[in-house]
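Novice: Give the three-dimensional model of this entry:
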Amino acid sequence: MSNEMDRRTELAGTANDTALKARAIRECPNHERSFINRRDPAAVQTAEAAGRRLHKKQPTQYDLDELLAAIRFAIDGAPERCPLCPGESD
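Specialist: Residues are numbered from 1 along each chain as shown. Model (predicted):
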């Protein structure tokens, strides 16, 4: 079970990194690893294309559908404002 948890943690990290590099999400300048959705459809497409390239480069690491779902989850799960910043949460 620990190996599966490690793999899922690694997948989530890869998805976050991919979304960050594509500029689909950004990190709050005040709170490390608190991500903010930039609501940029072009950046989402860039992130998904990067996920496909990563899968082609390392096809045995993750299933393509699983990787793309993780990338979409990282983007869609990020709020528009940092929930940790005063005055930013709803």
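Novice: and the longest helix along the chain, how far out from the chain's middle?
Specialist: Assignment by DSSP state H gives helix 2-21 as the longest helix of the chain. Between the centre of helix 2-21 and the centre of its chain there are 8 Å (C-alpha atoms, centre = their mean, to the nearest Å).
Novice: name the helices or strands packed onto it?
Specialist: strand 25-27, strand 35-37, helix 41-57, helix 64-76 (3 or more C-beta pairs under 8 Å, 6 or more residues apart in numbering; DSSP states H and E). In this view, the C-beta of every residue, glycine as well, is placed from N, C-alpha and C.
Novice: Export the last one to PDB, keeping only CA atoms.
Specialist: So that's helix 64-76. The C-alpha coordinates for helix 64-76 follow below in PDB (Å, rounded to 0.1, in the frame of the first residue of the first chain):
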ATOM      1  CA  LEU A  64      -1.800   8.600 -20.200                       C
ATOM      2  CA  ASP A  65      -5.400   8.900 -19.000                       C
ATOM      3  CA  GLU A  66      -4.300   8.900 -15.400                       C
ATOM      4  CA  LEU A  67      -1.700  11.500 -16.000                       C
ATOM      5  CA  LEU A  68      -4.100  13.800 -17.900                       C
ATOM      6  CA  ALA A  69      -6.700  13.400 -15.200                       C
ATOM      7  CA  ALA A  70      -4.200  14.300 -12.500                       C
ATOM      8  CA  ILE A  71      -3.200  17.400 -14.500                       C
ATOM      9  CA  ARG A  72      -6.800  18.500 -14.900                       C
ATOM     10  CA  PHE A  73      -7.400  17.800 -11.200                       C
ATOM     11  CA  ALA A  74      -4.500  20.000 -10.200                       C
ATOM     12  CA  ILE A  75      -5.800  22.800 -12.400                       C
ATOM     13  CA  ASP A  76      -9.500  22.400 -11.600                       C
END
